[in-house]
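> Here you go, sequence then predicted model.
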Amino acid sequence: MAVPDVLRPYVTSLIAYDVDFGAPGMHRGMPSAEVTSALPVDDPLVTSWGSGSEPVTAWSLVSGLHTRPATIHHHGYQRGVQLGLTTAGVRALFGMPAAAWRGELLALDEVAAPGGVRHLPELLAEADPRTWERVVVAGVIDALARYGEPGPRAEVGRALALLTGGAGVQEVADDVGYSRRRISDLVRAETGVAPKQFQRLARFDRSRGLVGRIPLAHAATVCGYADQAHLTREWQEFAGCTPTTWLREEFPFVQDLADASAVDSGA
């Protein structure tokens, strides 16, 4: 579903999902420059930071910015709705900066006020799947009307937009009119990560939408990496695997991955 115009300052994506993996297993919850909120139906989400960490089981989940993949456990299928939120969306819906959730996996009832999005899990459980996205839109609009808070300072919003577009930290500081240290402090206070890290997360986001669709060398150029090897190193840091490994794990039936090993080698 396309995000309604009224929500675009706050919501970057709204996706109802119904996925059959064929067998129980795990998949990666990837790092991003956005805050993710997941609303599962049928079964709660079971999520962890990998081996050795205690799983979080919840009927709703919000995850702050993180630079390592989460592990999402499933029984072979998953249904629900996923939201991508901007930093302004986090403030408007929850009255706090995204930095408050840095590296956290939290249930909605831990962070949301009564009404609005807090009760979306119950509403989705009772709704026809064909209406799930409309139910979520209505809940978000209601929450904004009840609890909406001012977004980040204008200069912080400007800085984040420039970093998302690939601008360097000094370039951002010059544009906003602050020192590099001052803009770094403001971005970290809003997002929980330093400007350079936020920029890298945004670039990783862009590459995730391109891998598997175009050759990796081309994706590297389009996204602003020095070369394909640079892209692959960033993926190994943020995703814990190469792009081709991720594609094989997450999309094993995609036809155009038949020669994925050739893509990995740059052929």
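Ah, there it is.
> can you map out the helices along the chain?
Per DSSP state H, the chain carries helices over the ranges 87-94, 108-111, 120-126, 132-147, 154-164, 169-176, 180-191, 195-208, 216-223, 228-238, 243-250, 260-264.
> mind giving me the domain ranges of this protein?
Listed by automatic domain parsing, the domain ranges of the chain are 5-147, 152-208, 214-267.
> Any idea how far stretch 235-242 is from the middle of the chain?
On the basis of C-alpha atoms, centre = their mean, to the nearest Å, stretch 235-242 sits 15 Å off its chain's mean C-alpha point.
> Could you pull out the buried residues of that stretch?
Neighbour-count burial for stretch 235-242, counted by 16 or more other C-beta atoms under 10 Å, picks out Trp235, Phe238, Ala239, Gly240, Cys241, Thr242. Glycine gets a C-beta too; all of them are placed from N, C-alpha and C.
> circling back: Serialize the domains of the chain to CSV and add fields for mean pLDDT.
Converted to CSV, these look like this (pLDDT from 0 to 100):
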stretch, mean pLDDT
domain 5-147, 90
domain 152-208, 94
domain 214-267, 78
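> tally of neighbours for Asp185?
Counted with other C-beta atoms under 10 Å, the neighbours of Asp185 add up to 14.
> Likewise for Ala159?
26.
> Same question for the one 3 residues further on.
The burial count assigned to Leu162 is 20, neighbours taken as other C-beta under 10 Å.
> Tell me which of the helices of the chain approaches Gly50 most closely.
Gly50 lies closest, by C-beta to C-beta, to one member of those: helix 228-238, at 13.4 Å.
> now the angle from the closest one to helix 216-223?
Helix 228-238 and helix 216-223 meet at an angle of 80 degrees, taking axes from the mean of the first three to the mean of the last three C-alpha atoms, to 10 degrees as the criterion.
> what packs against helix 228-238?
Helix 228-238 is packed against helix 195-208, helix 216-223, helix 243-250, with contacts defined by 3 or more C-beta pairs under 8 Å, 6 or more residues apart in numbering; DSSP states H and E.
> Now render those as CSV, adding mean neighbour count.
Formatted as CSV, the helices and strands packed on helix 228-238 follow (neighbours: other C-beta atoms under 10 Å):
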stretch, mean neighbour count
helix 195-208, 20
helix 216-223, 18
helix 243-250, 18
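> Export these as JSON lines, with columns for distance to Leu144.
Shown next, in JSON lines, are the helices and strands packed on helix 228-238 (distance: least, C-beta to C-beta, whole Å):
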{"stretch": "helix 195-208", "distance to Leu144": "24"}
{"stretch": "helix 216-223", "distance to Leu144": "32"}
{"stretch": "helix 243-250", "distance to Leu144": "32"}
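> Indicate which one of the ones you listed is closest to His27.
Proximity to His27 (C-beta to C-beta) singles out helix 243-250 among these, at 5.9 Å.
> Quick one: closest of the helices and strands packed on helix 228-238 to Ser179.
Ser179 lies closest to helix 195-208 among these, at 12.3 Å (C-beta to C-beta).
> and the angle from that closest one to helix 243-250?
Going by the same axes, to 10 degrees, helix 195-208 makes 60 degrees with helix 243-250.
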